[in-house]
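In: whatever this is, show me its structure:
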Amino acid sequence: MIRVTVLGLAIDVQQRPVILLGPIDDPARSDKAMPVWIGAQETASIVAAVQGTNIGRPLTHDLMATLLEVTESRIERVTIPRLEEGTFFAEVELVTSKGKHILDARPSDSIALAVRVGAEVWVADDVFDEVAVETDAAPQPTEEEEIAEFRDFVEHLDPDDFKTEEDEGDK
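Out: Now for the predicted structure:
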């Protein structure tokens, strides 16, 4: 199994929402992302959770998280163990006072809930490898690196760099 995180949400060419899952601590797959197509409501729910947006009234996944809390239950983890005929299957590993339970679930609902309660999301290696797509693996510079690069640029500026052809004609 591969532990993954939500890299982001996108819209495919047919205007369908897609959640992109990326591996955590897996250098061999660091340039890959797993797309999972989801519904519009799940998209809104996941975006709200990832961004920490307060919607006001609880969404379904907020209600589920509250139910877990008041019943002193927790999600141990969410897994996506298989893909059959283009459909992803997910399982929620729930721990309650009566023991551990494995619940069949849709990946979109499972991920929306996992994001809210801070549960890990795992994907079977073969599922990830079957559907993963290449991503731009170039590391993004940190704010400090961007500032250092800008300072270097400014320090090496030459006033002649700003001359135009018109300025050259004035000589």
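In: just name the shakiest helix or strand of the protein by mean pLDDT.
Out: helix 165-169 (a mean of 57; mean pLDDT, DSSP states H and E).
In: now stretch 24-32: buried residues?
Out: Of all the residues in stretch 24-32, those buried under the rule 16 or more other CB atoms under 10 Å are 29, 32. The way it works is simple: take the backbone N, C-alpha and C, and place the C-beta from them, glycine included.
In: next, the distance between the ends of it.
Out: 11 Å (CA to CA, to the nearest Å).
In: contacting residues for residue 72?
Out: Applying CB atoms under 8 Å, 6 or more residues apart in numbering to residue 72 gives the contacts 96, 97.
In: tell me the phi and psi of it?
Out: phi 50, psi 40 (degrees, to the nearest 10).
In: check what pLDDT it gets.
Out: For residue 72, the pLDDT comes out at 92.
In: I'd like to know how far it sits from residue 98.
Out: To residue 98, residue 72 is 11 Å away according to CB to CB, to the nearest Å.
In: strands along the protein, start to end?
Out: For the chain, applying DSSP state E gives strands covering 2-11, 17-23, 32-37, 74-84, 87-96, 99-105, 120-123, 133-134.
In: residues contacting residue 103?
Out: 91, 92, 93, 94.
In: output the residues you listed as a markdown table; include the columns pLDDT, neighbour count and distance to residue 30.
Out: Converted to a markdown table, the contacts of residue 103 look like this (pLDDT from 0 to 100; neighbours: other CB atoms under 10 Å; distance: CB to CB, whole Å):
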| residue | pLDDT | neighbour count | distance to residue 30 |
| --- | --- | --- | --- |
| 91 | 97 | 19 | 25 |
| 92 | 96 | 20 | 27 |
| 93 | 96 | 17 | 26 |
| 94 | 95 | 19 | 31 |
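In: where are the low-confidence patches of this protein?
Out: 137-143, 145-146, 150-171 (pLDDT under 70).
In: follow-up on the earlier one: nearest to residue 43, of the strands of the chain?
Out: Taking CB to CB, strand 17-23 is the member of the strands of the chain nearest to residue 43, at 4.1 Å.
In: in that closest one, what's buried?
Out: Buried-residue list, strand 17-23, by 16+ other CB under 10 Å: 17, 18, 19, 20, 21, 22, 23.
In: before we move on, what about stretch 97-109?
Out: Within stretch 97-109, the residues scored as buried using 16+ other CB under 10 Å are 105, 106, 107, 108, 109.
In: tell me the contacts of the spatially closest residue to residue 61 that is not a sequence neighbour?
Out: The shortest distance from residue 61 to any non-neighbouring residue, by CB to CB, 6 or more residues apart in numbering, is to residue 112 (4.3 Å). Contacts for residue 112 were tallied using CB under 8 Å, 6+ apart; they are 42, 45, 46, 49, 61.
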